[in-house]
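Trainee: sequence first, then the predicted structure, then my questions.
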Amino acid sequence: MSVDPLLAELELVLGPDRARAEPLELALYARDAGVAQGRAAAVCFPRTADEVAGAVRVAAHHDRPFVARGSGTGLAGGATPVGDPLVIVTTQLDHLLDVDAEARVAWVEPGVLNLDLTRAVSHLGLHYAPDPSSQQACTIGGNVATNAGGPHCLAAGVTSSHVLAVDVVLADGSTATLGGLEPDQPGYDLRGCFVGSEGTMGIATRIAVRLTPDPPTVRTLLLDFDTIEAAGAAVSAIIAAGVVPAALEMMDAEITRAVEDFVGAGFPRDAAAVLLVEVDGLPDGVAAQVATIDAVGRAEGARTVRVAADDTERALLWKGRKSAFGAIARIAPDYYLHDAVVPRTRLVEVLRQVYAIAAEQRLTIMNVFHAGDGNLHPLIVFDAREPGVWERVHRAGDEILAACIAAGGVLSGEHGIGLEKREAMPLVFTPDDLDAQARLRDAFDPSGRANPTKILPAGSRCGELQRIPDGAWV
Amino acid sequence: MTPATPLEGIDALATAVADAPSVVAIGAGTQWEVGGLSEPDAVKVRAPSGIVSYDPRDLTVTVGAGTSVAELSATLAEHGQECPLDPRDPLATLGGVLACGLSGHRRLRYGPLRDRVLEVRFVTADGRVVKGGGPTVKNVTGFDIPRLLVGSFGTLGVLVQVTLRCQPLAADAEWSTTALDPFEVRRRAFRPSCIAWDGSTTTVLFEGVARDLRAERAAAGTSPASGAPELPRGPHRGRVSVRPAVLAALGPALDECGVRWLAEVGVGTVHVAADHESELAAARTATEAVGGWMLREAGAPGLDGFGVTTPNRALMARIRDAFDPTHKLGRGRLDPLLCPREVELEGARG
């Protein structure tokens, strides 16, 4: 048994070898897929909801914060350990507990991978709609924490629209079921509060998600344009024509070439921008929408409108879109992926500013994003070995965010705030707005031990003195 | 694009809220009896009305919370759009609809009310104007204050302005009917907007392009109906919330109670109306027997607003205390749920 009292107690609750504090282990869990680096006191791997509650109680007993973590694919530092916390990894709660095809509901444990859920129900003609680009690796628990999105959330809505109920362990180790399978619950929408709270309100141990019937007809179109302005105008024009596609993605020239070199999906290498548009539903409605998109796209200057002939071609186009982040590894060793949303009518002007910022900071910025809902993902590619490059990357990021906010946008569409953007929160919220959010967070966790320092900047509470502990790199 | 028109009167409203010992926000009063009853001598405040900004290309609209759903619908319809709130009475204000949190009859296809709200502005108990959420169709910036306020019965703040997600109006819409089992209709149809069932007749709403509607109707085995089914009427009304799977069992049990009812199949909402309070009480008992609950919507003064307590009462009470330490906002509306003992004591005193 370990001599470290925290580890020793965790071993008692979880069994031997389920809690670790070796330097290598701690280094592995010191960050998520974002850039903020922290430090954990220990990492543990519960297998059941009871064990999660036990681990939370051990943390309480030692007066330590705790940080829940799924696959660690988050990009905003939400799972970065700050304040010498206990990191509670939920990937071993990975059972698909129940699928009710008639009710179109599945109960899953938080460690179930997003894509595995869809694969497990596809023989029933159902799928789980939110499809983040990391869906092969990210967990449903992490999706709940970040209120994850994805290309198909344009029509289907993000995670919160697909979560019916959550069993949670609160910060004091007690458990609660938030939401339910009834359409409404009496009182406040605690489920709605919990989804997207980035682990600051507790840890999900069992989740009921809504499953969506596969559409009878799906059509995927690729439109390419000579200018990014024309592509942006087409996005608004398609929506204005009364079509809300299932997905509406844009890729600019740089990323289109990179993807084409990587995947060979047949994307035009000389296009200034391409739109990948998907419509689904019943056959005649889909045909009408395809016709509208074709006409509107051409009117806005599309050079070609290609409709995928079959499922193979469709899959290839989507493979191109979803391989964007793999493709850029061939261009530069490092990237910084941003996430912000602007009203879709402001897309073009904000994109123009993004390119200007890139030029000024001598950086390459590529854009591959959910254009239909105005969700920008500027991708800065660079070589971290270049002296001084990080300063320029951060400066560009700050300027991009400022441009989005000035255009009436918000800080994040689907990655969350985490550590990455908490200091930017005052750009969109007044002290009174932040105070209201802090009240909600503290009502869930009066102890403040659930993933502290995330989302809300220091000073969000009246008279608060909050400090990032020494030694944390954030 | 409609230029943004700042709402007038918010500052005065904030001052009134800050100064009064007990405040209740009132809209058109169409859902005044839903849930717990408001304290009679609370100071009534009204949110401003009017369209603040609307750009159809963004599919979002920002309005004063005092705006009626009818006015909003008319504005959106001019641009071929809608926001499927579908309150029982279209004169209801947006603030009232959101505070009561009652979703409309097309929830099966378009989702619950709470998924429509992007941004809220509300007056706090101490008279500050606070924003929650954001104006874009997609947003995970900070905690989800908008969802918290939907269904909060005005106990956390007075809604003054909301931004909602709109959608294009469907090309066509058609109600059709069948004597078939409604659960079989649900299995057969791809994306009906509503499947209403009163125990004998199933009435289905399909929306989309005309040829698809005919195909859906053929698949579901329905024939055209003259229009939407009527919601049950009566002096005593309630709204049942149950797991959709138990509707088949609940329907006959409700018939036994002597109430009129209309169920939303696939959703689990049942609209119930009765001539006598005792019948509505019996319907509540039948609902609780299958694991659901019934909200009092109108009448039935002897019935508790909710009929149940929530297992998460302590957590909800902490949230309420955090936003409104003296419980001055909407006093009475959620009290049967959040502090049943206080209500009992007051009852004993009275």
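Mentor: All right, it came through fine.
Trainee: chain A contacts on the stretch 251-350 of chain B?
Mentor: With the criterion set to Cβ under 8 Å from any Cβ of the partner chain, the stretch 251-350 of chain B comes near chain A through B:264, B:267-269, B:291-293, B:295, B:306, B:308, B:310-313, B:315-316, B:318-319, B:321-323, B:334, B:337-338. C-beta coordinates here come from the backbone N, C-alpha and C atoms, glycine included.
Trainee: can you pull the contacts of the residue of chain A found nearest chain B?
Mentor: Scanning chain A for the residue nearest chain B gives residue A:192, at 3.1 Å (criterion: Cβ to the nearest Cβ). Contacts were defined as Cβ atoms under 8 Å, 6 or more residues apart in numbering or on different chains; by that measure residue A:192 touches A:160, A:179, B:114, B:144, B:147, B:148, B:150.
Trainee: burial measure for residue B:21, as a count.
Mentor: Number of residues near residue B:21 (other Cβ atoms under 10 Å in any protein chain shown) recorded here: 10.
Trainee: would you agree it is in contact with residue B:327?
Mentor: No. Using Cβ atoms under 8 Å, residue B:21 is not in contact with residue B:327; the gap is 10.3 Å.
Trainee: on that earlier part again, which ones among the contacts of residue A:192 lie within strands?
Mentor: Secondary structure from DSSP state E places residue A:179 of those in strands.
Trainee: ranges for the strands of the stretch 151-300 of chain B?
Mentor: Remark: strands of the stretch 151-300 of chain B, listed N- to C-terminal, are B:158-165, B:167-168, B:172-178, B:194-197, B:202-208, B:223-224, B:236-241, B:260-264, B:269-274, B:293-298; assignment by DSSP state E, counting those that start in this stretch.
Trainee: could you do the stretch 201-350 of chain A as well?
Mentor: Read by DSSP E, counting those that start in this stretch, the stretch 201-350 of chain A holds these strands, from start to end of the chain: A:203-210, A:212-213, A:217-225, A:247-252, A:273-281, A:304-307, A:334-337, A:340-341.
Trainee: quick one: least confident helix or strand in the chain?
Mentor: All of this refers to chain A. Of all the helices and strands that make up chain A, the one with the lowest confidence by mean pLDDT, DSSP states H and E is helix A:324-327; it has a mean of 82.
Trainee: ah, I was thinking of chain B
Mentor: The helix or strand of chain B with the lowest confidence, counting by mean pLDDT, DSSP H and E, is helix B:340-349 at a mean of 53.
Trainee: isn't residue A:154 right next to residue A:243, touching?
Mentor: No. Taking Cβ under 8 Å as the definition, residue A:154 is not a contact partner of residue A:243, at 10.8 Å.
Trainee: returning to that earlier point: take the strands of the stretch 151-300 of chain B and write them to a markdown table, including mean pLDDT and mean neighbour count.
Mentor: Shown next, in a markdown table, are those (pLDDT from 0 to 100; neighbours: other Cβ atoms under 10 Å in any protein chain shown):
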| stretch | mean pLDDT | mean neighbour count |
| --- | --- | --- |
| strand B:158-165 | 98 | 25 |
| strand B:167-168 | 96 | 17 |
| strand B:172-178 | 97 | 18 |
| strand B:194-197 | 98 | 24 |
| strand B:202-208 | 97 | 24 |
| strand B:223-224 | 96 | 10 |
| strand B:236-241 | 98 | 25 |
| strand B:260-264 | 98 | 23 |
| strand B:269-274 | 98 | 26 |
| strand B:293-298 | 98 | 23 |
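Trainee: how about those strands, which one is nearest residue B:61?
Mentor: Nearest of those to residue B:61, taken as Cβ to Cβ: strand B:158-165 at 5.6 Å.
Trainee: show me what that closest one is packed against.
Mentor: When contacts are defined as 3 or more Cβ pairs under 8 Å, 6 or more residues apart in numbering or on different chains; DSSP states H and E, strand B:158-165 sits against helix B:10-19, strand B:23-25, strand B:60-64, helix B:94-100, strand B:117-123.
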